[in-house]
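1. need a 3D model of the following:
(2 chains)
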Amino acid sequence: MRENLAKAFALANTQLIRRAQLPKSYTDLAGRKLFLFLLTLQGLVAFALITLGVMLRKSRTARNVIRPRIRQEIARAGVALLPMFIFVALALGFLVIGQTVSTLAKFGATDYLGTTMVIVVVRELGPLLAAMLVLARVGTAHVIELGTARALGEVEALEALGIDPVHYLIVPRVIGMAVGVFSLTVYLIIGALVSGYLFAFLQDVPLTPGDYFKQIAGALSWLDFALLALKTVAFGFFIAIVTCYHGLARPLRLEDVSRVAVRAVSQGVIVCVLIDALFILLYLVT
Amino acid sequence: MSEPEKTAVIEMCGVSVGAMRDIGFTVLEDVNWSVAPGDFWAVAGQQHSGKSDFLMLSAGLMAPVQGDCKLFGTETRRFDETKLTERLRVGFVFEGGQLFNQLTIRENVALPLQYHCDLPSAGTGHEVAALLELLELTPLAEVTPANVSDNWLQRAALARALMLKPEVLLLDNPLAGLGTRHRQWWLRFLDQLWHGHAWCGGRPMTLIATTDDLRPWRNADRKFALLYDKKFFPLGAWNEVESANDPVVKELLAAPVELTS
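-> The predicted structure is shown next:
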């Protein structure tokens, strides 16, 4: 318990470096930034591994307590965001996909429609947009909640009760966010593709729904489904890890919480982009 | 008396205590202390004397910076999950309660039982209701901590700590900020726990409380200690506390202190 947190959080003690005097040269500054980046990365990886370990080791511990918390987190990172995602899917369909469809039709390039939609919506825009929205709506809340809980001594209270804070506070959030990002991405993609066609239909594009969806289905392969699932779960897992890590990283004062929240969201965006880049490489290799 | 009963509940040897919020800062040095089963200790200290950190270390929630600290004969430096049984023999009441704000008072009190016995919410109902009734918390059961006064928050924290019927209870400044009626209730109830309350099957409990005011703890049978200037001073029984000439002890007894120019 205490050891779990201590191991990961000992690595998070970057305050000495942050509070040090301003470097005198640009190379010193770059060195300091690089050192901070590596320390944070080390802490994040350690925290991710510890969380995975606790998830596996304690999968049968206190299920009556943890399962309702997981359901609660899935509702928060998934179901509760559905109205917003329907709105975003409609907007994405009308503003981006509809215009793409009508432009391709104008130049008689409707044969490329399926491939374009799969690359733009299914592989890239859908998962990344879903991840960013979940990060903004739920990830920020995680940092603030956990940071406040840390500042108010709730983590110490859990330890005093013999409850592992990683198991009680982190595991439900990680599972909830991974499931949430995956489900919301699927809804976002379906919603955007359907509303995109509706927009094209309103512009009298000569394309039947059958042709439109046949082309998209033809451009999809089993790998797209597999990598989409992997990518969205990875987005959810790492967003939760980054936000929870910063919320719990070290004893916080209440005034630190907002600053830590900003840092966590920026790092969350960077992590998502890095994961996305990794999956682009995977697509290129396969 | 059998051998296990003789084992000290807490034993510190040359212990240095770090601050919980800043582990690089040492709040107490060279603490040597032993707590026997059935003891009732009142550890006094002024503000920022390291009372909370000292108590957290005693509960095995922190490792000592230096020295050896044993809880039921087990070194707290290695107090990991394999020692969960030992951990659950100790109850801890934080100053201010430190209840979980998203949960109601009933859920807060039920949490340790639900977690460690893997029970659904309904499965703890009877036992939790009995404890809430005992601590006069039943009317506040469905209220969240934000809507409860400090007097009752502290009592809810006591209920949570007692849920698993611990053998040792550590209380961090439990009387701080309480009204007179609540203060009297606490002292009476802690005495009952010390002598053996029905809730814990009549088994006498070992109690350690920190305080910034020694007066309410006046009792010939209790043991007293002082935290001052990064040192731990065992004071002995109440008569020795009263006869002490130390200005800090006098201050903690609210006795007139002669000012030197």
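
2. pLDDT-wise, which helix or strand of the chain ranks last?
-> Assuming you mean chain A. helix A:2-10 (a mean of 54; mean pLDDT, DSSP states H and E).

3. the chain in question should be chain B.
-> Least confident helix or strand of chain B, by mean pLDDT, DSSP H and E, is helix B:3-6 with a mean of 54.

4. neighbouring strands for whichever helix or strand comes after that one, and are they parallel or not?
-> Sequence-wise, the next helix or strand downstream of helix B:3-6 (DSSP states H and E) is strand B:10-18. Paired with strand B:10-18 in the same sheet, following DSSP bridges, are strand B:26-35 (antiparallel), strand B:66-71 (antiparallel).

5. whichever helix or strand comes after the shortest one near chain A anywhere?
-> Beyond strand B:66-71 in the direction of the C-terminus, DSSP H and E gives the next helix or strand as strand B:74-75. No. Counting by CB under 8 Å from any CB of the partner chain, chain A has no neighbours in strand B:74-75; the shortest distance is 13.4 Å. Every residue, glycine included, has its C-beta placed from N, CA and C.

6. in its sheet, what does strand B:74-75 sit against?
-> Strand pairing (DSSP bridges) places strand B:74-75 next to strand B:66-71 (antiparallel).

7. returning to that earlier point: need the strands paired with strand B:10-18 in CSV (columns: mean neighbour count and mean pLDDT).
-> As requested, the strands paired with strand B:10-18 are exported to CSV (neighbours: other CB atoms under 10 Å in any protein chain shown; pLDDT from 0 to 100):
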stretch, mean neighbour count, mean pLDDT
strand B:26-35, 18, 92
strand B:66-71, 18, 90
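
8. to A:A229, which of the ones you listed lies closest?
-> The closest of those to A:A229 is strand B:66-71. By CB to CB, the value is 46.9 Å.

9. since we're on the closest residue to B:R222 other than its chain neighbours, how many residues are nearby?
-> Closest residue to B:R222 apart from its sequence neighbours, by CB to CB, 6 or more residues apart in numbering or on different chains: B:F40 at 4.7 Å. Look at B:F40: counted by other CB atoms under 10 Å in any protein chain shown, it has 23 neighbours.

10. hang on, isn't B:F40 packed against B:A220?
-> No. Counting by CB atoms under 8 Å, B:F40 does not reach B:A220; the two are 11.0 Å apart.

11. pretty sure A:I119 sits in a helix.
-> Yes. Checked against DSSP: H, G, I helix; E, B strand; the rest coil, A:I119 lies within a helix.

12. burial count for it?
-> A:I119 sits with 15 neighbouring residues when counted by other CB under 10 Å.

13. can you list the residues of chain A near chain B?
-> A:1-3, A:61-65, A:68, A:149, A:152-154, A:156-157, A:159-164, A:168, A:251.

14. contact partners for A:V257?
-> Applying CB atoms under 8 Å, 6 or more residues apart in numbering or on different chains, we find A:V257 in contact with A:143-144, A:147-148, A:151.

15. before we move on, what about A:Y168?
-> By CB under 8 Å, 6+ apart, the residues touching A:Y168 are A:65-66, A:69, A:158, B:115.

16. apply 10 Å and report the result again.
-> A:Y168 sits next to A:1, A:54, A:58, A:62, A:65-66, A:69, A:155, A:158, A:161, B:100, B:111, B:115 when contact means CB atoms under 10 Å, 6 or more residues apart in numbering or on different chains.

17. and the residues you listed, which is closest to B:Q192?
-> For the contacts of A:Y168, the closest approach to B:Q192 (CB to CB) belongs to A:L161, at 22.7 Å.

18. count of neighbours near that closest one?
-> Per other CB under 10 Å, the neighbour tally for A:L161 reads 23.

19. again with B:T7
-> 13.

20. for B:A42, see how far away the residue lying closest to B:I10 once chain neighbours are set aside is.
-> Counting by CB to CB, 6+ apart, B:V35 is the residue found nearest to B:I10 once chain neighbours are left out, at 4.2 Å. For B:V35, the distance to B:A42 (CB to CB, to the nearest Å) stands at 12 Å.

21. overlap in contacts, these two.
-> Joint contacts of B:V35 and B:A42 (CB under 10 Å, 6+ apart) are B:207-208, B:223.

22. now those as a markdown table including distance to chain A and secondary structure?
-> Output for the shared contacts of B:V35 and B:A42, formatted as a markdown table (distance: CB to the nearest CB, whole Å; DSSP: H, G, I helix; E, B strand; the rest coil):
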| residue | distance to chain A | secondary structure |
| --- | --- | --- |
| B:L207 | 16 | strand |
| B:I208 | 14 | strand |
| B:K223 | 23 | strand |
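
23. out of those, give me the one that has the most neighbours.
-> Result: B:I208 is most packed of the shared contacts of B:V35 and B:A42 (other CB under 10 Å), 25 neighbours.

24. sec struct for the residue nearest to that one when sequence neighbours are not counted, please.
-> Using CB to CB, 6+ apart and skipping the chain neighbours, the partner closest in space to B:I208 is B:W41 (4.5 Å). The three-state assignment at B:W41 reads strand, by three-state DSSP.

25. next, count neighbours for B:W41.
-> B:W41 has 21 neighbours, counted by other CB under 10 Å.

26. please look at it and B:L190 and confirm they touch.
-> No. Counting by CB atoms under 10 Å, B:L190 is not a contact partner of B:W41; they are 11.7 Å apart.

27. could you pull up the mean pLDDT of stretch A:90-100?
-> Regarding stretch A:90-100, the rounded mean pLDDT is 83.

28. run the chain-centre distance for it.
-> 23 Å (CA atoms, centre = their mean, to the nearest Å).

29. and whatever helix or strand A:C272 lives in, how far out from the chain middle?
-> According to DSSP H and E, A:C272 maps onto helix A:257-285. The chain centre lies 8 Å from the centre of helix A:257-285; the measure is CA atoms, centre = their mean.

30. repeat that for stretch A:140-153.
-> Offset of stretch A:140-153 from its chain centre (CA atoms, centre = their mean): 19 Å.

31. where in chain B is pLDDT low?
-> B:1-6, B:23, B:78-79, B:255-261 (pLDDT under 70).

32. redo that, cut-off 50
-> B:1-4, B:261 (pLDDT under 50).

33. B:H195 against B:T206, yeah?
-> No. Applying CB under 10 Å, one finds B:H195 not in contact with B:T206, separated by 11.9 Å.

34. how much space between the closest residue to B:A63 other than its chain neighbours and chain A?
-> Closest residue in space to B:A63, ignoring its immediate chain neighbours: B:R77 at 4.7 Å, by CB to CB, 6+ apart. Distance from B:R77 to chain A, counting by CB to the nearest CB, to the nearest Å: 10 Å.

35. count of neighbours near B:R77?
-> A count of nearby residues for B:R77, using other CB under 10 Å, gives 14.

36. please apply the same query to A:S266.
-> A:S266: 11 neighbours (other CB under 10 Å).

37. residue contacts, it?
-> A:V242.

38. same thing with the one 3 residues further on?
-> For A:V269, the residues meeting the contact criterion (CB under 10 Å, 6+ apart) are A:128, A:131-132, A:135-136, A:139, A:239, A:242.

39. closest to B:V249 out of these?
-> Nearest to B:V249 among the contacts of A:V269: A:V242, at 50.4 Å, using CB to CB.

40. what residues are up against that closest one?
-> Counting by CB under 10 Å, 6+ apart, A:V242 touches A:40, A:44, A:47-48, A:135, A:139, A:142-143, A:263-272.
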